[in-house]
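> Sequence below, structure please.
(one chain, ligands or ions: 1)
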Amino acid sequence: MENSKLWGGRFKEGAAKILDTFNASLPFDKKLYLQDILGSKAHSSMLERCGILSKEEKEAIHKGLDSIKKEIENGEFIFKLSDEDIHMAIESRLTELIGNAGKKLHTARSRNDQVALDFRLFTLSANYQISSLVLELISTLLDLAKEHTTTIMPGMTHLQHAQPVNFGFIMCAYTCMFVRDFERLTSSYKRNNFSPLGSAALAGTPYAIDRFYTAEALGFEAPTLNATDSVSDRDFALDFLYDLSMLSMHISRLAEELVLWSSYEFRFITLSDSYSTGSSIMPQKKNPDVPELLRGKSGRMYGNLFRLLTVLKGLPLAYNKDTQEDKEAVFDSFENMEICLQILKDLLKTMQINKDKMQEACKKGHLCATDLADFLVSHCNIPFREAHHITGKAVSYAESIGKDLSELSIEELCKVDSAIPKEAHSALSLENSMNSRNSYGGTSTKSTLAQIESLESWLSLATIAHHKNQRKMEF
Ligand code: ARG
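From the prediction side, this is the model:
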């Protein structure tokens, strides 16, 4: 029996049936159909410009590819596992549709540079889409920040009450994380925006092709430099998986706060009914499944990063079939991150902020203790160590009468130590305490507003720069 594969010429026997399944990537790489068609259009246009294909052949190829695109999008395309992958599935269909010209498309190209191109185009477009969603998330966080620059809540360290901060300031802290995520994605995009097309199998091609033309037509900065590196490189996918892992770690930290804040112990926020779930047994329950899932997704993101790192480790140059295992990790992380970002944004937009609960919580944990010590240092010329000690006595006294430091009357406070003047009582106000932290980057309302202002100007510049990365590929 002859081998009927596109590559079957040198084979006397057909492949074992089980190999159709084992060898094939078609069930998952059909997601790359658009990139494959665009790459083939650019490649055939280039072949024509370089005199390798005639104008008629190129036009037939483009027409054939357009109808294949329609067939796929209308669900009429017949995917045959025996075609192995999306590249061969499209090429065989093209030959069925247009005959001989279809067989010429693969001149000066190999599936090795073809898959490297398709996968890179996919990853860059996924990067673009995730970056757009990160910008939307940042804008949502900034809206919350603007609304809550005077909403006082307990700032924590070690999950213990530490010092009063405002909720807007905390929203700015998360915004800073997502700004770094966006910049990380942008730098990955720039670093990887180079075209491997024309590298052929591993060593380039004897045809006089123009790699600069295809690179430009497909929206790349330039062609990649070395053919062997180009067909074996999957750093672009790893960069993306790492960027998403870091992003998911930040999402997971915010999600953890949302879980805590929505619990009875905190009640700082109430999640909207549309983003909460119930329990099948306990009728009273309203569960934070959504932030929990957002938190849990990071396991999958890190898993995908490690999956690909492990596949690539120790691979000799150049292309190896192992790399076929690269795509699902990226598809999975991308699709999950896309939905996480949409949901997180809506969750933030619809949750209720319970200012009174935050304020009430500030009355526990002696949040203004550092302020009292600072007051004694700055107004009474008491060395910090001693001021720390006197304040400790005040805390212990407040506890002994079942009060928070901020609830002591002037008389009670002055009774603690003769070194404490009446004026020190002002240091125990939560608002004064929060607003006294006016250092650059501090939590005072003024400083928070300044942070919001710089984050907003960053956002408008980043949005303009981001839109420039949208690929324009018209053929
Ligand atoms: N399906 C393959 C992959 O995803 C395409 C490249 C195959 N190249 C080859 N020489 N077998 O990696």
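> And the residue in the stretch 301-450 of the chain that the ligand sits nearest to, how far from A15?
Going by C-beta to the nearest ligand atom, the ligand is nearest to Q324 of the stretch 301-450 of the chain, at 3.7 Å. All C-beta atoms are positioned from the backbone trio N, CA, C, and that covers glycine. Look at Q324 and A15: by C-beta to C-beta, to the nearest Å, they are 16 Å apart.
> Kindly report the same for L218.
Distance from L218 to A15, by C-beta to C-beta: 33 Å.
> neighbour count winner among the two?
L218 (24 against 16; other C-beta atoms under 10 Å).
> Can you tell me the closest non-neighbouring residue to that one?
Nearest residue to L218, sequence neighbours excluded (C-beta to C-beta, 6 or more residues apart in numbering): A42, at 5.2 Å.
> Please apply the same query to M358.
Spatial nearest neighbour of M358, excluding adjacent residues (C-beta to C-beta, 6+ apart): M153 at 3.8 Å.
> mind saving the C-alpha coords of stretch 347-355 as CSV?
The C-alpha trace of stretch 347-355 is given here as CSV (Å, rounded to 0.1, in the frame of the first residue of the first chain):
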residue,chain,number,x,y,z
LEU,A,347,-16.8,41.9,39.4
LEU,A,348,-15.1,45.1,40.5
LYS,A,349,-17.6,47.3,38.7
THR,A,350,-20.6,45.6,40.3
MET,A,351,-19.4,45.1,43.9
GLN,A,352,-20.6,47.3,46.7
ILE,A,353,-18.0,49.1,48.9
ASN,A,354,-19.1,49.2,52.5
LYS,A,355,-17.4,52.3,53.8
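> Read off the pLDDT value for the residue nearest to M358.
Note for M153: predicted pLDDT of 98.
> Who are the contact partners of it?
Neighbour list for M153: P164, V165, N166, F167, I170, F268, M358, Q359, A361, C362 [criterion: C-beta atoms under 8 Å, 6 or more residues apart in numbering].
> Now do the helix or strand hosting S45: everything it contacts.
Using DSSP states H and E, S45 maps to helix 33-49. Helix 33-49 is contacted from outside by 53-55, 57-58, 61-62, 65, 68-69, 72, 86-87, 90, 94, 104-105, 107-109, 114, 117-119, 121-122, 125, 197-198, 209-210, 213-214, 217-218, 473, 475, using C-beta under 8 Å, 6+ apart.
> do stretch 351-362 as well
Contacts of stretch 351-362 (C-beta under 8 Å, 6+ apart): 144, 147-148, 151-154, 161, 164, 167, 258, 262, 266-272, 275, 406, 430.
> Apply 7 Å and report the result again.
148, 151-154, 164, 167, 267-272, 430 (C-beta atoms under 7 Å, 6 or more residues apart in numbering).
> And for stretch 226-244?
Outside stretch 226-244, the residues that touch it by C-beta under 7 Å, 6+ apart are 112-113, 116, 119-120, 123, 126-127, 130, 181, 184-185, 188, 191-192, 196, 199-200, 202-204, 224, 301, 304-305, 308-309, 312, 315, 317-319, 323, 326, 329-330, 333, 337.
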